[in-house]
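**Q** Just need the structure, nothing else, for what follows:
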Amino acid sequence: MSAAGGTFRQPEGQHPLPLHGPRFDADPQATYEKLRATGPIAPVELAPGVYAQLTTTYEAAQHLLTNTPRLFVRDPKRWDALREGSIPPDSPVLMMIQDRPNALWTDGAVHERYRSAIADSLQKVDTLALTRTVTQIADGLIDAFADRGTCDLVADFTALLPMQTMFGLCGCPADIGGRIVGALIKLFDTAQDAYAANAELERACLELVLRKRADPGNDVISRMIRHRAELSNEEMVQQIILVIGAGTEPLTNLIGNALKLLIADDRYAGTVAGGVRTISEALHAVLWDDPPMANYSPLYALRPMQYRGVQLEPGIPILVSFAAANTDPVFRTPAPEQRAGNHAHLAFSAGAHACPAKSLAVHIAQTAIERVLDRLPELTLDCRPEELTRRPGTFHSGWTSLPVTFPPVTVPHSEEAAWTPQPDPQPAPSGSTPPAAISTPKPPTSAPRGRPHWLNSLARWWRGQ
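**A** The predicted structure is shown next:
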């Protein structure tokens, strides 16, 4: 591969399949099957004129992830196209895999320093308080549409709950939070204005860092600032982008994909209420069959090498396809029930860069789904399943909308203030004292109605896509 005419030229003698566009968005698995037929690592087009390689099998994905940094590294500065300046600065793909000084794109001691600040800060999250907070947020969102008998579970629930939850964990004010997530959505959907979105994202995160330095609390961001890693403002900005990015958009997709399975798939619909299957089973079925991050974690070979007959060059990014790995027919068992308790999927990556918050993500998703099914037990998809459309984008997998109907539920009006982000509670004075809730819990029927104005605006933005 080489640069020519200001673009990254198509590899000679190859015709990479695109990981973008209406055909890919409509049926990603069809593309993975075609790529798998060409080899365990195949050439792909990430965006018009932007080429890379993609793992197509479980074995290849595991090989790359578990041999980092011995054979492969994360540093995007090794990308030939980036060094040659042949990718436009406003490329939506560039915004997602460009060099950033955070735990995702670094290796060795630098990676360990960044990762320890994130992992240590997340490890101190009080899961009991988190359950109460997610329950309260979920109930508040459900209350806003419960009496209508209809809603779009993406716009009205799954796109909003992870944001509010992350802002609570991070002690992030709603005004900054709205700007952060609005920009992240554009980056994940590989929007054409990604360059401007990335600039706005970094400005908003810097404002959050400066506020937390001036007025720290007992939240994830404040703990990262106080961490022994002594992160600079720029480093803090990039860790926040990683933490909030990983904790919102993928979690939106995970919850939405699981709800779609529970509502519309004959193997699961109605089985949770009847005690046949559990929400945990549905979540792990999604992590196997439709992981929220489909293709990501680009790696670079340290030297020219071959993998099962495929030539790998140091300057070419190799993306890991979690979606192709988990659905590899050579590896997977045919039926979901045969995978019960099998967590060998790669939805949370593996190796040195495996997600440090996977248990928190599953906990939040399960709590949120429980509230939906408890509050609205007779959910029905308000269209044929084949009419649902996937969100556009190379990197993630989710639904643009999940329209549902249900028997309307009357929600008593509450005069209490709407939920606002709160930090983690202060540690309990003793092991026998229950931890305080992030915010005062209340019965589901009295959860606050309405949402902060920026959330309503964001929901309208979603409906307009």
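**Q** Name the residues of stretch 125-138 that come out as buried.
**A** Val125, Asp126, Ala129, Leu130, Thr131, Arg132, Thr133, Val134, Thr135, Gln136, Ile137, Ala138 (16 or more other Cβ atoms under 10 Å). (C-beta placed from N, C-alpha, C; glycine too.)
**Q** Among those residues, which are located in helices?
**A** Judged by DSSP state H, helices contain the following of those: Ala129, Leu130, Thr131, Arg132, Thr133, Val134, Thr135, Gln136, Ile137, Ala138.
**Q** Quickly check the residues you listed for the two that are furthest apart.
**A** Of all pairs drawn from these, the widest gap by Cβ to Cβ lies between Ala129 and Ala138 and measures 14.8 Å.
**Q** re the thing from before, could you redo the buried residues of stretch 125-138 as a markdown table and give each row distance to Pro22 and pLDDT?
**A** Putting these into a markdown table (distance: Cβ to Cβ, whole Å; pLDDT from 0 to 100) gives the following:
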| residue | distance to Pro22 | pLDDT |
| --- | --- | --- |
| Val125 | 40 | 97 |
| Asp126 | 44 | 96 |
| Ala129 | 44 | 95 |
| Leu130 | 39 | 97 |
| Thr131 | 40 | 97 |
| Arg132 | 43 | 96 |
| Thr133 | 39 | 96 |
| Val134 | 35 | 98 |
| Thr135 | 39 | 98 |
| Gln136 | 39 | 97 |
| Ile137 | 34 | 97 |
| Ala138 | 33 | 98 |
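**Q** So for the protein, which residue is the most central one in space?
**A** For the chain, the residue sitting closest to the mean C-alpha position, by Cα atoms, centre = their mean, is Pro250 at 1.6 Å.
**Q** Double-check that that one belongs to a strand.
**A** No - secondary structure of Pro250 (DSSP: H, G, I helix; E, B strand; the rest coil): helix, not part of a strand.
**Q** confidence score at Thr440?
**A** Here the pLDDT value assigned to Thr440 is 29.
**Q** Residue ranges in this structure under the pLDDT threshold?
**A** Residues of the chain meeting the criterion pLDDT under 70: 1-14, 189-192, 270-276, 332-342, 413-465.
**Q** any idea how far Thr400 lies from Ala269?
**A** Shown here: Thr400 relative to Ala269, a distance of 21 Å by Cβ to Cβ, to the nearest Å.
**Q** burial count for the residue nearest to Ala61 when sequence neighbours are not counted?
**A** Here the nearest residue to Ala61 in space, its sequence neighbours aside, is Ala325; by Cβ to Cβ, 6 or more residues apart in numbering that works out to 3.9 Å. Ala325 has 25 neighbours, counted by other Cβ atoms under 10 Å.
**Q** What are the contacting residues of the helix or strand where Ala325 lies?
**A** Assigned by DSSP states H and E, Ala325 falls within helix 322-326. Residues from elsewhere that reach helix 322-326 (Cβ atoms under 8 Å, 6 or more residues apart in numbering): 28-29, 32, 35-36, 54-58, 60-62, 287-291, 293-296, 331-332, 345-347, 349, 397.
**Q** Quick one: buried ones out of these?
**A** Buried by 16+ other Cβ under 10 Å: 28, 32, 35-36, 54-58, 60-62, 287-291, 293-296, 332, 345-347, 349, 397, out of these.
**Q** Now do the phi/psi pair for Arg371.
**A** Summarising the backbone geometry of Arg371 under the convention degrees, to the nearest 10, its torsions are phi -70, psi -40.
**Q** need the contact list for it.
**A** Each residue near Arg371 by Cβ under 8 Å, 6+ apart is listed here: Val134, Thr135, Ala138, Asp139, Ile142, Pro444.
**Q** mind checking how far it is from Ile137?
**A** If you go by Cβ to Cβ, the gap between Arg371 and Ile137 works out to 9 Å.
**Q** how does this protein divide up, domain by domain?
**A** Described in terms of automatic domain parsing, the domain architecture of the chain consists of the residue ranges 1-68+70-99+294-346, 107-286+351-377+415-465.
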